Each structure stands twice: as structure tokens, then as C-alpha cells.
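[1] Sequence and predicted model, in that order:
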Amino acid sequence: MRCRSKRMKEVAKVYDSMRVYKLEEGVSVLKKAPPVKFDQSVDLALQVGVDVKKSDQQVRGTVSLPHGTGKEVVVVVLAKGEKAKEAQEAGADFVGADELLEKIKGGWTNFSVLIATPDMMRELGKLGKVLGPRGLMPTPKAGTVTNEVARAVKESKGGKIEFKVDKTGVVHGVIGKLSFSDGALLENLRVFLQAISRAKPASSKGLFFRSLYLSSTMGPGLRIDLQSLGLGA
């Protein structure tokens, strides 16, 4: 049996693994855990009431968090001509066409968001095996296949993120950094949950929000009282 580290023993002192916390309490507890040498992310895991085996019960969408995620967002744009110029002026980190396609084909995925104009999708679609498993393939629904590249770049840089349900019926997401104020984390979380609620499939019946956990990168996972969300979901 493995012995817990000194830090994990300290973490265990600040929370009760059997308790269901109110939202504000949960955020406070995460901040009381022993610190580490980097700014930890705060993550949510929301179990939703869908049958993921049914194509009409997928939960997917985008949301712009009012305070961002705190993560550095590296944006790549595949575009040509005037659209490439617009992307550069909007602040994209990498802009190009064939040369970037070749780089991605070689395994380069060291970026956060990939945006492409529709005319680039024929060639980009061939790279699904590289981009798909990493959640980087652009889609019209996520707003990452578009001719409005400047807008897409600014939204991505400003905190817009994509979410989708996984094969276990859970939606995962980052709502900020532990260094954020309580108010910023709570506002980001509520905006994220509202977006998930709006993405509820019409064919999903009964309770949609089933359980919610908050955690930090090196901290505890806390179950949150759904009634404390005040969302009516």
C-alpha cells in the first residue's frame, strides 16, 4: 500500500471527502489547500443526463468566459490572402496555409485553437487522425471554420472555449486559475454551466445536471450541491 505524501496528508485536512459542498464553500476550500509552485487550474466535471450512444443526445458548444481561463492561448489560423492578413492583425500566433498544413501533418499540435477558412478544409480534413484525438479539428459549430477569422481569433484569445460530453456522459472544463478571485471563478463557473444548460438536447428527459465536482490541479475533488448553483437546471 502506497503511503501518501506529506502534502497530500495536509490536503486531506482541509476537506471532507464525504461532504457535499455549497458552491462558494467549494471554491474557498480549494484555495485553502497547501500551495504548489505554479498557479493551478480550477476544473469542473459535470455529469449530465444524456445517453451518449444516441446521436441526438450529444452535448456540445462554445462559451466565452468573462474572466478567461488564465491559460496562454496559442491560436493558429489556416488562411490565404486577405483572410491571412486579417488573422495576423487580429493577433493570431501563427498564420499560413500549405506550410502549416505540412507542419501539422508532421505531428505539430503545440497550440490551443486551430481556425480555418472554409476553402482550407478540404486539405485539413485529411489530418483528422492528427487533430481529432486532441480536440483541435475546426468545426463550423464551434465557430472555428469561418471567413470571419478576425472575430474568431479575438474570441479565442478572449476566453472562448469549446466543450463537449465525453463517452461517460461527463462534460469537463477549466474555469480559471486558483489565483483568480472567488468572484471571478464563481462568475466563470455560472456562465459555463448556463452554456451547458442551453446545449441540453431536446431528446434528453428528466434531470439534466446530475452531479458536479470541482477540483484544482494538485488539490482535492469536491462534490458541489447542485441546489447551490441557483440555475434551475
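    Everything's here; your move.

[2] Give the phi and psi angles for Arg190, as a check.
    phi -70, psi -40 (degrees, to the nearest 10).

[3] surely it meets Leu229?
    Yes. Counting by Cβ atoms under 8 Å, Arg190 touches Leu229, with 7.2 Å between them. Where C-beta positions appear, they are placed from N, C-alpha and C, glycine not excepted.

[4] what about the residue sitting nearest the centre point of the chain, which helix or strand?
    Closest to where the C-alpha atoms of the chain average out (Cα atoms, centre = their mean) is Gly173, at 3.9 Å. Element membership for Gly173 (DSSP states H and E) is strand 170-177.

[5] Partner strands of the helix or strand Leu46 falls within, with direction?
    According to DSSP H and E, Leu46 maps onto strand 41-48. According to DSSP bridges, strand 41-48 has the following sheet partners: strand 170-177 (antiparallel), strand 209-216 (antiparallel).

[6] Where in the protein is the helix or strand with the lowest mean pLDDT?
    helix 6-12 (a mean of 72; mean pLDDT, DSSP states H and E).

[7] Please give me every residue in contact with Val14.
    Val29, Lys32, Ala33, Pro220 (Cβ atoms under 8 Å, 6 or more residues apart in numbering).

[8] among these, which ones are buried?
    Among those, those classed as buried by 16 or more other Cβ atoms under 10 Å are Val29, Ala33, Pro220.

[9] Make TSV out of these and add distance to Val145.
    What follows is the buried ones among the contacts of Val14, written out as TSV (distance: Cβ to Cβ, whole Å):
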residue	distance to Val145
Val29	41
Ala33	40
Pro220	39
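
[10] what distance separates the strand holding Gly173 from the centre of its chain?
    Distance, stretch centre to chain centre, for strand 170-177: 5 Å (Cα atoms, centre = their mean, to the nearest Å).

[11] Repeat that for stretch 20-36.
    On the basis of Cα atoms, centre = their mean, stretch 20-36 sits 20 Å off its chain's mean C-alpha point.

[12] got it, and stretch 14-30?
    Its chain's C-alpha centre and that of stretch 14-30 lie 22 Å apart, by Cα atoms, centre = their mean.

[13] same check, this time on stretch 201-211
    Centroid separation for stretch 201-211 versus its chain: 20 Å, with Cα atoms, centre = their mean.
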